[in-house]
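Visitor: 3D model of this:
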Amino acid sequence: MRAPRRMVRAMSPRLVAALAVLLVACPSEEEPPPEPLKVLVFSQTQGFRHLSIPTAVAAMERVAEVQGWELQATESTELFRDGLLDEFDVVAFVLTTGDVLTDDQQRAFENYIRTGGGYVGVHSASDTEYDWGWYGDLVGAYFRDHLPLPVERTVTVADRAHPASAHLPERWTRTDEWYAFQTDPREHAHVLMSLQDGVMGDHPLAWCQDYQGGRSFYTALGHTEASWAEDAFLTHVQEGVRWAAGRVEGDCEAARSDVFEKQVLDADVTSPMKLEVADDGRVWFIERFGALKVHDPLTGDTTVVGEVPVATDFEDGLIGFLLDRDFVATGVVYVYYSAAEAVENRLSRFEVLDDRLDLDSEQVLLTIPTQRDSCCHTGGGMAWDDDGLLYLATGDNSNPHRILYAPIDAGSRVDDARRTSANTRDLRGKILRVAPTAAGYDIPPDNLFAGPEDGAPEIYVMGTRNPFTLSVDGPTGTVYWGEVGPDAFEDDDDLGPRGYDEFNRTNVAANMGWPLCIADNQPYQAYDYATETTAGAFDCAAPVNDSEHSTGATDLPPATPAWLWYPYGVAVDHPELGTSLGRMAVMGPRYRSTGAFADLPAYYDGAVFIADWMNEWIKVVKLDEDGEVLDIHPFASAVPMLKPMGIDVGPDGRLYFIEFGTLWGPNDEAQIVRLEYRGPAR
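Guide: Numbers count the residues shown, from 1 in each chain. Take a look at the predicted model:
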């Protein structure tokens with residue numbers, strides 16, 4: 001009988017640990033070898049019948065022979081009874097279809113799973129028992145449809161730690177019948193691999209989950225007879241069986257959306273803009289109207305540390321914030337704000353003494369010119385790298401409302417972003433990089449311009465529009481930022497491409513091309529608003545800024561294509577980003593484990609978090625071994641997000657972020673939150 005072994009798997013971890021101590025205290029002379037794995041392969045069909053069933057069963061029998069399993073293959077339902085199912089460690093539904101079990105047999109199978117049994121579903125196992133909702137939850141999702149014929153596609157293997165996918169390449173090209181499902185299994189299952197392409201977008205293909213005391217593994221692959229001769233596919237199924245039997249371990253919680261919970265730290269906030277978590281665990285944040293606050297998660301108290309006098313025209317205010325790298329010892333903070341007494345923005349350093357901001361300690365590092373006659377784009381993203389260099393993102397300070405394409409109207413300064421973003425001597429529309437010193441700052445090597453005759457030495461990246469959020473990955477020195485783009489809904493022959501938001505990254509000085517180019521270097525037209533004619537498209541490979549409003553060089557560095565980009569409507573180039581009626585790209589951190597108990601699962605180590613303020617989602621970008629995009633998928637989608645921004649990783653390994661609320665301005669819904677991982681292992 002197999003029931004006693006499954007009962008041990010179903011015990012609480014504390015009881016299992018206690019039993020382990022007793023076994024160590026009273027060791028046997030020789031530990032007996034594990035019993036052979038017993039597998040029931042069930043392949044009855046009451047709908048479409050795959051011609052590959054005999055091939056699949058024969059392949060499973062060969063695997064069992066090599067692995068030393070005891071395997072029984074059947075199309076009969078007679079074994080689906082209490083007591084008889086207990087003889088098996090795993091029941092595998094291989095290419096089943098339709099309504100195959102009676103009500104009594106269904107109850108027996110439910111009891112089997114609830115007492116620790118293992119389930120494996122292959123391909124059309126998801127096209128089975130549509131009227132039995134429990135089974136659909138066990139599988140993870142029901143089949144919806146598929147592409148007309150088996151075709152070659154490249155599978156993205158996001159989890160290469162789980163035994164069922166660890167042997168596979170990051171990108172696995174193979175021919176199969178590609179399923180789409182009625183629901184997204186990511187809500188309650190951990191996805192191992194998916195299709196991520198322009199045809200099917202983000203389509204999970206294999207996943208696993210702990211389910212009501214048992215284990216469930218499903219793979220949508222295996223339609224063709226040729227599949228069952230592939231060593232890689234057979235190993236995939238084999239290790240899925242062994243995991244479902246509890247013979248090998250594998251994390252099947254990490255990518256589930258239902259294992260995260262939002263904890264509100266402070267709901268009494270007004271227009272919070274940026275937050276930073278100090279090494280002592282306290283959460284420091286700024287509000288646009290000038291307040292600097294600190295929240296202590298241990299006491300639940302929030303303290304107003306000070307008020308910076310700011311102008312709040314349009315998008316101005318207290319908009320950038322950074323703790324000193326050794327803040328707990330130094331008490332130094334850096335802020336980027338719109339000065340109240342002068343028409344300028346400032347990057348300043350202040351001291352905080354006994355949780356009080358000393359306004360008299362201000363040291364202005366940088367003064368950024370601005371105009372407040374017309375809206376918008378102040379920027380404000382700030383971050384450190386591991387070498388102590390400070391990065392500050394500034395917006396193009398141009399009016400986005402009159403011209404929805406590239407603002408290049410030479411007849412109006414505020415409608416010509418060439419005077420800022422494409423101006424090599426203007427600090428707006430840039431990412432600046434400096435090395436703060438006691439006296440001010442030094443210019444690090446390898447910024448964009450070799451000398452002041454070429455451009456402002458503080459410029460690291462030029463050609464940005466509104467890089468509102470920014471982060472730096474310490475180990476690689478890569479700068480990541482979210483670029484909020486223009487609002488045109490469609491391409492125009494005279495003006496150029498429609499609007500795109502971008503997620504960008506670089507580890508070298510660069511020109512991102514705005515306002516001459518956008519997205520994957522789509523050029524705007526050199527449109528003359530006075531004559532209503534165009535001189536043709538800008539050259540992104542050799543851009544020229546001949547605007548009379550620019551004080552910098554005419555010849556600009558080549559434009560760098562965006563990393564990820566998406567328009568209003570369907571994100572055709574990156575379908576994993578979905579469909580947007582509104583857009584506002586928010587960059588989060590690249591996650592690095594802190595070694596703390598509350599760290600996210602190891603699955604996320606090295607992943608990049610991105611968000612969209614308007615669409616209220618956070619997504620995970622998994623990178624391959626070369627640092628290129630491997631997989632983009634939803635993150636914590638079961639947790640409601642209300643305009644997320646300001647994402648930071650605390651020393652405890654948790655994600656902290658701001659929920660801004662529904663409107664641009666004070667919102668009753670605004671709050672500071674922390675995301676808790678609540679997986680069963682925690």
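Visitor: biggest strand in this protein by residues?
Guide: As assigned by DSSP state E, the longest strand anywhere in the chain is strand 356-369.
Visitor: roughly how far apart are residue 53 and residue 233?
Guide: In this view, residue 53 and residue 233 are 16 Å apart by CB to CB, to the nearest Å. Bear in mind the C-beta positions are built from the backbone N, C-alpha and C, glycine included.
Visitor: sorry, back to before: may I see the buried residues of the longest strand of the chain?
Guide: Buried residues in strand 356-369, counted by 16 or more other CB atoms under 10 Å: 357, 365-366, 368.
Visitor: and what of stretch 446-463?
Guide: 447-449, 455-463.
Visitor: quick check: mean pLDDT of the helix or strand where residue 110 lies?
Guide: Here residue 110 sits within helix 103-114, counting by DSSP states H and E. The pLDDT scores in helix 103-114 average 98.
Visitor: show residues contacting that helix.
Guide: 77, 80-82, 85-86, 91, 101, 119, 129, 132, 134-135, 138, 211-214, 216 (CB atoms under 8 Å, 6 or more residues apart in numbering).
Visitor: restricted to strands, list those.
Guide: 91, 119, 211, 214, 216.
Visitor: just the CA trace of stretch 411-426, in CSV.
Guide: What follows is stretch 411-426 as a C-alpha-only set of coordinates in CSV (Å, rounded to 0.1, in the frame of the first residue of the first chain):
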residue,chain,number,x,y,z
GLY,A,411,8.2,79.1,-33.6
SER,A,412,7.7,78.3,-29.9
ARG,A,413,10.4,77.6,-27.3
VAL,A,414,8.2,75.5,-25.1
ASP,A,415,7.1,73.5,-28.1
ASP,A,416,10.6,72.7,-29.2
ALA,A,417,12.3,69.9,-27.2
ARG,A,418,15.4,70.2,-29.3
ARG,A,419,16.3,73.1,-27.1
THR,A,420,16.5,70.7,-24.1
SER,A,421,16.6,66.9,-24.8
ALA,A,422,18.6,67.3,-28.1
ASN,A,423,20.8,70.1,-26.8
THR,A,424,24.2,68.9,-25.8
ARG,A,425,24.7,71.9,-23.4
ASP,A,426,21.4,71.8,-21.6
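Visitor: that one: how far from the chain's middle?
Guide: 33 Å (CA atoms, centre = their mean, to the nearest Å).
Visitor: buried ones only from the contacts of helix 103-114, please, as a PyMOL command.
Guide: Only the buried entries of the contacts of helix 103-114 go into this PyMOL selection, using 16+ other CB under 10 Å:
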select buried, resi 77+80+81+85+86+91+101+119+129+132+135+138+211+212+213+214+216
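Visitor: for the stretch 101-250 of the chain, which segments count as strands?
Guide: Ranges of strands in the stretch 101-250 of the chain, per DSSP state E, counting those that start in this stretch, are 118-122, 143-146, 151-157, 171-176, 179-181, 190-197, 201-211, 214-219.
Visitor: single out the most deeply packed of those.
Guide: Compared across the strands of the stretch 101-250 of the chain, strand 118-122 shows the largest average neighbour count, a mean of 28 (mean count of other CB atoms under 10 Å).
Visitor: list the contacts of it.
Guide: 56, 89-95, 113, 138-139, 211, 214-219, 221-222, 237, 240-241, 244-246.
Visitor: quick one: secondary structure of residue 411?
Guide: Following DSSP: H, G, I helix; E, B strand; the rest coil, we place residue 411 in the coil state.
Visitor: correct me, but it touches residue 528?
Guide: No. Judged on CB atoms under 8 Å, residue 411 makes no contact with residue 528 at a distance of 9.3 Å.
Visitor: who has more neighbours, these two?
Guide: Counted by other CB atoms under 10 Å, residue 411 and residue 528 do not tie: residue 528 has more neighbours, with 14 against 9.
Visitor: out of the buried residues of strand 356-369, which comes closest to residue 43?
Guide: residue 368 (68.7 Å; CB to CB).
Visitor: grab the nearest non-local neighbour of that closest one.
Guide: Nearest residue to residue 368, sequence neighbours excluded (CB to CB, 6 or more residues apart in numbering): residue 345, at 4.1 Å.
Visitor: ok, the one you found - contacts?
Guide: 316, 336-339, 367-368, 370, 378, 394.
Visitor: from the residues you listed, which would you call buried?
Guide: Using 16+ other CB under 10 Å, the buried ones in the contacts of residue 345 are 316, 336-339, 368, 370, 378, 394.
Visitor: can you pull the pLDDT of the residue nearest to residue 642 when sequence neighbours are not counted?
Guide: Setting aside the residues directly before and after it, residue 642 is nearest to residue 659 in space (CB to CB, 6+ apart), at 4.3 Å. pLDDT for residue 659: 97.
Visitor: just give the number of residues close to residue 659.
Guide: 24.
Visitor: for it, give its distance to residue 231.
Guide: 48 Å.
Visitor: correct me if wrong: residue 335 contacts residue 308.
Guide: Yes. Using CB under 8 Å, residue 335 is in contact with residue 308, at 6.4 Å.
Visitor: joint contacts of these two?
Guide: 292, 318.
Visitor: how many residues are close by residue 133?
Guide: Residues near residue 133, counting by other CB under 10 Å: 10.
Visitor: how far away is it from residue 613?
Guide: For residue 133, the distance to residue 613 - CB to CB - is 36 Å.
Visitor: for the stretch 201-350 of the chain, which spans come out with low pLDDT?
Guide: For the stretch 201-350 of the chain, residues meeting the criterion pLDDT under 70 lie at 201.
Visitor: can you pull out the helices in it?
Guide: In the stretch 201-350 of the chain, helices defined by DSSP state H, counting those that start in this stretch lie at 231-244, 327-330, listed in chain order.
Visitor: OK, contacts around residue 607?
Guide: Applying CB under 8 Å, 6+ apart to residue 607 gives the contacts 590-591, 620-623.
Visitor: can you flag which of those belong to strands?
Guide: Those of the contacts of residue 607 lying in strands (DSSP E): 590, 620-623.
Visitor: can you tell me which of these are buried?
Guide: 590, 620-622.
Visitor: which single one of those residues is nearest to residue 49?
Guide: Once CB to CB is applied, the member of these that ends up nearest residue 49 is residue 622, at 37.0 Å.
Visitor: and that closest one, what does it touch?
Guide: 158, 606-607, 629-633 are the contacts of residue 622 under CB under 8 Å, 6+ apart.
Visitor: for it, give its distance to residue 575.
Guide: Counting by CB to CB, the gap from residue 622 to residue 575 is 16 Å.
Visitor: can you tell me how far residue 454 is from residue 556?
Guide: Taking CB to CB, one finds residue 454 at 11 Å from residue 556.
Visitor: intersection of neighbour lists for these two?
Guide: Common neighbours of residue 454 and residue 556 (CB under 8 Å, 6+ apart) are residue 424.
Visitor: need the helices for the stretch 1-150 of the chain, in chain order.
Guide: Assigned by DSSP H, counting those that start in this stretch, the helices in the stretch 1-150 of the chain fall at 3-10, 13-25, 53-67, 103-114, 133-139.
Visitor: what's the average pLDDT for the first one?
Guide: Helix 3-10 shows a mean pLDDT of 39 in the predicted model.
Visitor: please report how far residue 598 lies from residue 78.
Guide: 49 Å.
Visitor: the two: which is more packed in?
Guide: residue 598 (14 against 8).
Visitor: correct me if wrong: the more buried one contacts residue 654.
Guide: Yes. Between residue 598 and residue 654 a contact is recorded at 5.1 Å, counting by CB under 8 Å.
Visitor: shared neighbours of the two, anything?
Guide: 676-677.
Visitor: quick one, what contacts the spatially closest residue to residue 545 that is not a sequence neighbour?
Guide: Once flanking residues are discounted, residue 545 sits nearest to residue 422: 4.4 Å by CB to CB, 6+ apart. Residue 422 sits next to 429, 462-463, 514-516, 543, 545, 547, 550, 552, 556 when contact means CB under 8 Å, 6+ apart.
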